[in-house]
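J.: model this:
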Amino acid sequence: MIATNSIKAWFLAARPKTLSAAAVPVLIAIALAMRDCYLMETVGDAAQPHILHIPALLCLLFAWVMQIDSNFVNDYFDFKRGNDDETRLGPKRACAEGWITERAMKTGIIVTTLLGCAIGLPLVIYGGMAMIWVGVACVAFCFLYTTTFSYHGMGDILVLLFFGIVPVCCTYYVIMPEGYKTVSTEVVMAAIACGLVVDTLLVVNNFRDRDNDREAGKRTLIVKLIDRWDEKSALWLYLLLGYVPLAIMMGMGIHDAVVRDTSTFALPLYAVYAAMHHTTYRQLKAINHGRELNRVLGSTARNIFIYGQIVFLTIVLGFALEI
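T.: Numbers count the residues shown, from 1 in each chain. This is a model prediction of the structure:
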């Protein structure tokens, strides 16, 4: 029994398992910044540049708080729309289960939104006034994803943007030292790869809920693919969202080895993620329907976290082994 508005209730509403997906883009950006700082030639007698640790920490905290904020918003508005009824196949939600009252959840949304803004505001010092607009976009995303875009098949685009391009590129930019603040094509490509991998989580979620979403008028990308073609197209999408990023990151690793003489020793680590992703794909294909797909959701979340660790290790070891 979970007491209403208790600490345990808020902990469950925060969905701690989703925080790994929010941390992965920041982790990848840090690895890229570390690599580029090492590879930069020193200017005159100046010391080799190093990444800025305070904005790195702020970016991580901001990502976590905004993920929790998004979870609260999703919990509240899906409950208000009646989407979290007894037919729901996914994990239990706080408002629908009565763990947290509507009024308390609205307060929680306000608190986490303000906390996220407070954490993100100091990033202006490191990234300029543009960081304010980035913060505004992130807050808007938290609300628009659940209330609007997810109903029109645009959720995957928002995941690519706000779990890939925006966090990786912005984190990289603010943690680079003065005089080195730029975003290269490689950083953008790594950001796109990250967003695609994180989107596997949304694909599983929408694949599980495809029948309920269709009845509720929620036209997710998965619903559109299945209605236009068949379920195989949705399964292929999941598979490709894992393999395309691998091709991108391995290509970057080989390019670095040829152009910058870094090590390729750690590149075989990507085979670990490839094997895990393919195993989860087969699990998704075999189960296909029902609440059992929540196991695939958990496996996918684990795969995303492992992907982030592997990317970090391959990038860092690529130059570290040459020191």
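J.: Could you point out the helix or strand that follows the lowest-mean-pLDDT helix or strand in the chain?
T.: Least confident helix or strand of the chain, by mean pLDDT, DSSP states H and E, is helix 210-215 with a mean of 89. Using DSSP states H and E, the helix or strand that follows helix 210-215 in sequence is helix 221-228.
J.: Helix, strand, or coil at residue 74?
T.: helix (DSSP: H, G, I helix; E, B strand; the rest coil).
J.: Now name the helix or strand holding the nearest residue to it once chain neighbours are set aside.
T.: Leaving aside its chain neighbours, residue 74 sits nearest to residue 146 (4.6 Å; criterion: Cβ to Cβ, 6 or more residues apart in numbering). For glycine as for every other residue, the C-beta is placed from the backbone atoms N, C-alpha and C. Residue 146 is part of helix 130-147, with elements assigned from DSSP H and E.
J.: Which helix or which strand is home to the closest residue in space to residue 311 that isn't next to it in sequence?
T.: Distance criterion Cβ to Cβ, 6+ apart; nearest residue to residue 311, sequence neighbours excluded, is residue 28 at 5.2 Å. Residue 28 is part of helix 19-39 when elements are defined by DSSP H and E.
J.: quick one on the thing from earlier: flag every buried residue along the least confident helix or strand of the chain.
T.: Buried residues in helix 210-215, defined by neighbour count with 16 or more other Cβ atoms under 10 Å: 210, 213, 214.
J.: Not counting its own residues, what contacts it?
T.: Residues outside helix 210-215 that contact it (Cβ atoms under 8 Å, 6 or more residues apart in numbering): 83, 87, 88, 89, 206, 219, 220, 222, 223, 226, 227, 234.
J.: Same question for stretch 124-136.
T.: By Cβ under 8 Å, 6+ apart, the residues outside stretch 124-136 that reach it are 52, 54-55, 62, 116-117, 120-121, 123, 166, 170, 173-175, 181.
J.: From these, which land in strands?
T.: Of the contacts of stretch 124-136, none are assigned to strands by DSSP state E.
J.: Tell me where the protein is predicted with low confidence.
T.: Flagging of the chain using pLDDT under 70 yields the residue ranges 41-47, 84-86, 322-323.
J.: just to revisit the earlier point, ok, the residue nearest to residue 74 touching residue 69?
T.: No: using Cβ atoms under 8 Å, residue 146 makes no contact with residue 69, being 11.0 Å away.
J.: Which one of the two is surrounded by more residues?
T.: More crowded of residue 146 and residue 69, by other Cβ atoms under 10 Å: residue 69, with 26 against 22.
J.: Secondary structure element holding the residue lying closest to residue 201 once chain neighbours are set aside?
T.: Nearest non-adjacent residue to residue 201, counting by Cβ to Cβ, 6+ apart: residue 300, 5.2 Å away. According to DSSP H and E, residue 300 maps onto helix 293-320.
J.: Return the set of buried residues in that helix.
T.: Buried residues in helix 293-320, counted by 16+ other Cβ under 10 Å: 293-294, 296-297, 299-301, 303-312, 314-320.
J.: the inter-axis angle of that helix versus helix 19-39?
T.: With axes from the mean of the first three to the mean of the last three Cα atoms, to 10 degrees defining the directions, helix 293-320 sits at 10 degrees from helix 19-39.
J.: what packs against helix 293-320?
T.: Here helix 293-320 touches helix 19-39, helix 185-208, helix 231-259, helix 270-287, going by 3 or more Cβ pairs under 8 Å, 6 or more residues apart in numbering; DSSP states H and E.
J.: and the ones you listed as JSON lines, adding mean neighbour count and distance to residue 130?
T.: Putting the helices and strands packed on helix 293-320 into JSON lines (neighbours: other Cβ atoms under 10 Å; distance: least, Cβ to Cβ, whole Å) gives the following:
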{"stretch": "helix 19-39", "mean neighbour count": "22", "distance to residue 130": "16"}
{"stretch": "helix 185-208", "mean neighbour count": "23", "distance to residue 130": "16"}
{"stretch": "helix 231-259", "mean neighbour count": "17", "distance to residue 130": "26"}
{"stretch": "helix 270-287", "mean neighbour count": "17", "distance to residue 130": "33"}
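J.: Tabulate those helices in CSV, adding columns for distance to residue 111.
T.: Shown next, in CSV, are the helices and strands packed on helix 293-320 (distance: least, Cβ to Cβ, whole Å):
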stretch, distance to residue 111
helix 19-39, 17
helix 185-208, 25
helix 231-259, 34
helix 270-287, 35
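J.: Ok, which of those helices comes nearest residue 77?
T.: Residue 77 sits nearest to helix 185-208 of all the helices and strands packed on helix 293-320, at 15.7 Å, using Cβ to Cβ.
J.: who does that closest one touch, helix- and strand-wise?
T.: Under the contact criterion of 3+ Cβ pairs under 8 Å, 6+ apart, helix 185-208 touches helix 19-39, helix 155-160, helix 166-175, helix 221-228, helix 231-259, helix 270-287, helix 293-320.
J.: again, only using 6 Å
T.: With contacts defined as 3 or more Cβ pairs under 6 Å, 6 or more residues apart in numbering; DSSP states H and E, helix 185-208 has these neighbours: helix 19-39, helix 155-160, helix 166-175, helix 231-259, helix 293-320.
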